[in-house]
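A.B. asks: What would the 3D arrangement of this be:
(one chain, ligands or ions: 1)
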Amino acid sequence: MSIYPTLTNKTYVVMGIANKRSIAWAIAKTLDEAGAKLVLTYAAERFKSGLESLASELKQEAILLECDVTNDEAIDSTFRSIHEQAGEIQGIAHSIAFADKEALRGEFSEMTRGQFAQALDISAYSLTAVVKAAKPYFAQDASVITLTYLGGERVVPNYNLMGVAKAALDSSVKYLANEYGPHGVRVNAISAGPIRTLSAKGVGDFNSILSELEQKAPLRRNVSAEEVASTGLFLLSGMGSGVTGEVIHVDSGYHIL
Ligand code: NDP
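C.D. replies: Alright, predicted model coming up:
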């Protein structure tokens, strides 16, 4: 018997697939396995062909749309298109972040005003912008997830500016959950343990973060993107129907230390 809930005929939007290592790609595969109709968004035209070839591995044919989350008009028109092509939206996986990599190493206070604004815009504000644009098209029991990291709760060496962005994201999850709850929409975050992805490469001495977790976390191992995706499926499907405004840690228990 499959452990997967059935999501047949339900539309999910997955934002933030850069390549096959992306956490968003693991989420897309898991939703596809559960029968969901997928819309995958990419940041700019140059990423389209890579995403097309990845999407060809899915069981169901996915809709691919460009959406740069720094552009409100682009976000609005993407969600209008999603509604026209795929009906009401059952869920969104927001798996997007960016910070200048110079601000992800060395002294925290060396960052500039511009680096701060850009990181907060792309990594935190974009969640609110996306939820706002999707509002008219949400299904009655829709669910939104975003990806966060422990560095927003406490100091993790080199995470620096992205830690501040994740703190803003975590707080946005709570405010959005409170605002959208009366409309039946749930908003949650998954705090993933460190996973080798393109974004992770930007964090200074990322290998030390991985090995520290492996040595000290209760499970004594790192987590996979697939484990994050299973929790994503739980939150995005009816299985997580009573959960909102939550941050679930999928990090081998490291956060309890
Ligand atoms: P990826 O680099 O694979 O994914 C990051 C995604 O963000 C990319 O697809 C990137 O698109 C997208 N993005 C950046 N800027 C924009 C923009 N302006 N508009 C639209 N999309 C944009 O890395 P991960 O899978 O690791 O990251 C996904 C999420 O998981 C992030 O929020 C990250 O902080 C979080 N996370 C990651 C952890 C890890 O250890 N890997 C741990 C905990 C949380 P493109 O490359 O096409 O520009």
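
A.B. asks: Next, work out how far apart A93 and T41 are.
C.D. replies: Separation of A93 from T41 (Cβ to Cβ, to the nearest Å) stands at 10 Å. (C-beta placed from N, C-alpha, C; glycine too.)

A.B. asks: So for those two, which residues contact both of them?
C.D. replies: Common contacts of A93 and T41 (Cβ atoms under 8 Å, 6 or more residues apart in numbering): 13-16.

A.B. asks: and those, which of them are in strands?
C.D. replies: Of the shared contacts of A93 and T41, the ones assigned to strands by DSSP state E are 13-15.

A.B. asks: the strands in this protein, which residues?
C.D. replies: Using DSSP E, strands in the chain cover 11-15, 37-42, 63-66, 89-94, 138-148, 186-192, 247-250.

A.B. asks: ok so, going back, if we only consider the ones in strands among the shared contacts of A93 and T41, which is nearest to E88?
C.D. replies: Of all those, E88 sits closest to V13, with 11.4 Å by Cβ to Cβ.

A.B. asks: Pull up the residues of the stretch 101-250 of the chain that are close to the ligand.
C.D. replies: Applying Cβ under 6 Å from any ligand atom, we find that the stretch 101-250 of the chain lies next to the ligand at 122, 147-149, 192, 194-195, 197-200.

A.B. asks: run the last query once more with 8 Å
C.D. replies: 122-123, 126, 146-150, 162, 166, 169, 190-200, 203, 206, 209, 225 (Cβ under 8 Å from any ligand atom).

A.B. asks: Could I get the contacting residues of the spatially most central residue of the chain?
C.D. replies: The residue lying closest to the centre of the chain (Cα atoms, centre = their mean) is S95, at 2.2 Å. Contact analysis of S95 by Cβ under 8 Å, 6+ apart lists 14-17, 22-24, 27, 146-147.

A.B. asks: Would you reformat those residues as a markdown table and include distance to E214 and neighbour count?
C.D. replies: Shown next, in a markdown table, are the contacts of S95 (distance: Cβ to Cβ, whole Å; neighbours: other Cβ atoms under 10 Å):
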| residue | distance to E214 | neighbour count |
| --- | --- | --- |
| V14 | 28 | 28 |
| M15 | 30 | 25 |
| G16 | 25 | 26 |
| I17 | 26 | 26 |
| S22 | 22 | 21 |
| I23 | 19 | 26 |
| A24 | 24 | 25 |
| I27 | 24 | 30 |
| T146 | 25 | 29 |
| L147 | 21 | 25 |
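
A.B. asks: Let's have these in CSV, adding distance to M239 and pLDDT.
C.D. replies: Putting the contacts of S95 into CSV (distance: Cβ to Cβ, whole Å; pLDDT from 0 to 100) gives the following:
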residue, distance to M239, pLDDT
V14, 18, 98
M15, 22, 98
G16, 22, 98
I17, 23, 98
S22, 23, 98
I23, 19, 98
A24, 20, 98
I27, 15, 98
T146, 18, 99
L147, 19, 99
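
A.B. asks: and which of those is nearest to T244?
C.D. replies: Using Cβ to Cβ, the contacts of S95 come closest to T244 at T146, 12.7 Å.

A.B. asks: Pretty sure the closest one sits against A189.
C.D. replies: Yes: if you go by Cβ atoms under 8 Å, T146 and A189 touch, sitting 5.0 Å apart.

A.B. asks: quick one, helices of the stretch 51-200 of the chain?
C.D. replies: 72-86, 113-120, 126-134, 160-180, 198-201 (DSSP state H, counting those that start in this stretch).

A.B. asks: Lovely, talk soon.
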